[in-house]
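>>> Below are the sequence and a predicted model; questions follow.
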Amino acid sequence: MTGRRLEGKVALITGATGGIGAATVELFAQEGARLVITDVAREPLQKLARRIEADGAEVATALLDVSSAREWEEVTALLDVSSAREWEEVTALVRDRFGVLDVLVNLAGILDWPGIEDTREEVWDRVIDVNQKGTWLGMRAAMPLLRASGNASVINTSSVLGLVGSGGAAAYQASKGAVRLLSKTAAVEYARQGVRVNSIHPGVVTTPMIQDLLDEQGDQQPDIQRTPMRRAGRADEVARAILFLASDDSSFVTGSELVVDGGLTAH
Ligand SMILES: NC(=O)c1ccc[n+]([C@@H]2O[C@H](COP(=O)([O-])OP(=O)(O)OC[C@H]3O[C@@H](n4cnc5c(N)ncnc54)[C@H](O)[C@@H]3O)[C@@H](O)[C@H]2O)c1
């Protein structure tokens, strides 16, 4: 059931074509948001925009590598994002098109499984650059517009792996743990300026990010077995938690960590 809980609000979403990203975009569109959707994946971005436009949503798209992409020319060339706009260009696009920004959802992320000794240094740097630095770069670029809104909300994506150790995924865990505290310090810094900042912490959620793992192991996947609800979450279940934090329903919520994990970290 939808209730137009974002009517009139302008929302910028990164990693918008991913599993949780696309679910969030579709839900936000149903709830009346005007959207700027960004990702490094050009075709899926256009497709997603056309889909929600057909349902009456107002949407702009921008290719955006959230990381400090200039240092990653080889990678960006491989990803076909040589024309990716920098964060500043994207926030300028938001200003020109909508004049305001009320919601920033930092969803872009990458995952690497190896532990401490097996993590390659260049992979470590890339994971930190996208997940951790990308979140800071996004807040830094968007904050003038968010402050101008006076009633704004930032949702940063951490993970259950930003709360507890798993014995692996060293770079990913380090990046997601950092996103948790970066969100809290931003919440304190901007509390009196009309910008709320919270982090979300999904557990095992069926999306392309972990599809291989789920295809291989199904419900026998150890983290699903340790999840009290004994199933993976759906992307739309995370999207609805993000909607809560984006909307005025959470008007007194800032600096909090919203866990969406079927109970995985409850024991
Ligand atoms: N799926 C899970 O189980 C799970 C659990 C906890 C946290 N998360 C987090 O949720 C977020 C969304 O993940 P998802 O599960 O939808 O995965 P996904 O792989 O489907 O989506 C990730 C998206 O980020 C984009 N992306 C990757 N690098 C980028 C970059 N440098 N700049 C901009 N965009 C980039 C990808 O193109 C993709 O669209 C991620 O931050 C992820 O770490 C996911």
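Perfect, I can see it now.

>>> Make sure G8 is indeed in a helix.
No: using DSSP: H, G, I helix; E, B strand; the rest coil, the assignment for G8 is coil, not a helix.

>>> Okay, it and L146: tell me how far apart.
15 Å (C-beta to C-beta, to the nearest Å). For every residue, glycine as well, the C-beta is placed using N, CA and C.

>>> The two: who's more crowded?
More crowded of G8 and L146, by other C-beta atoms under 10 Å: L146, with 27 against 10.

>>> give me the number of residues near whichever residue of the stretch 101-250 of the chain sits closest to the ligand?
In the stretch 101-250 of the chain, no residue comes nearer to the ligand than G109, which is 2.3 Å away by C-beta to the nearest ligand atom. G109 is flanked by 25 other residues according to other C-beta under 10 Å.

>>> Touching, it and T157? I think so.
Yes: in terms of C-beta atoms under 8 Å, G109 counts as a neighbour of T157; the distance is 6.1 Å.

>>> list residues touching both of these two?
Common neighbours of G109 and T157, counting by C-beta atoms under 8 Å, 6 or more residues apart in numbering, are G15.

>>> just the helices in this protein please.
19-30, 42-54, 73-78, 87-98, 121-127, 134-149, 170-190, 211-217, 222-226, 235-246 (DSSP state H).

>>> Run through the bridge partners of V10.
R34 (DSSP bridges).

>>> so it touches V36, yeah?
Yes: counting by C-beta under 8 Å, V10 does reach V36; the two are 7.2 Å apart.

>>> Now do the shared contacts for those two.
Residues within reach of V10 and of V36 at once, by C-beta under 8 Å, 6+ apart, are V94, F98.

>>> hmm, back to that, highest average neighbour count across the helices of the chain?
Of those, the one with the most neighbours on average (mean count of other C-beta atoms under 10 Å) is helix 19-30, at a mean of 25.

>>> do that helix and the ligand meet?
Yes: judged by C-beta under 6 Å from any ligand atom, helix 19-30 comes into contact with the ligand through G19, I20, G21.

>>> Output the residues you listed in JSON lines; the columns should cover pLDDT.
JSON lines is the format used below for the residues of helix 19-30 next to the ligand (pLDDT from 0 to 100):
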{"residue": "G19", "pLDDT": "98"}
{"residue": "I20", "pLDDT": "98"}
{"residue": "G21", "pLDDT": "98"}
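
>>> so what's the residue of the stretch 101-250 of the chain closest to the ligand up against?
Contacts for G109 (C-beta under 8 Å, 6+ apart) come out as G15, G18, V130, N131, T157, M209.

>>> who touches the fourth one in this structure?
For N131, the set of contacting residues under the criterion of C-beta under 8 Å, 6+ apart consists of A108, G109, I110, Y172, S175, K176, V179.

>>> How confident is the prediction for the nearest residue to the third one once chain neighbours are set aside, by pLDDT?
I take that to be I110. Nearest in space to I110, with sequence neighbours left out and distances taken as C-beta to C-beta, 6 or more residues apart in numbering, is V130 at 5.1 Å. We have a pLDDT of 95 for V130.

>>> swap in W72?
52.

>>> now swap in the one 3 residues further on and tell me
We note a pLDDT of 53 for V75 in this prediction.

>>> Output the below-cut-off pLDDT ranges for the stretch 51-200 of the chain.
Along the stretch 51-200 of the chain, the parts satisfying pLDDT under 70 run over 69-85.

>>> Near the ligand, which residues of it? Just list them.
L64, D65, V66, S67, L107, A108, G109, I110, L111, V130, T157, S159.

>>> hang on, the first one packs against T38?
This means L64. Yes: L64 sits in contact with T38 when judged by C-beta under 8 Å, with a separation of 3.8 Å.

>>> any residues in contact with both of the two?
Overlap between the contact sets of L64 and T38, as judged by C-beta under 8 Å, 6+ apart, is given by T14, V90.

>>> residue farthest from the centroid of the chain?
E117 (28.0 Å; C-alpha atoms, centre = their mean).

>>> Pull the number of nearby residues for S68.
When neighbours are counted by other C-beta under 10 Å, S68 comes out with 14.

>>> Noted, bye for now.
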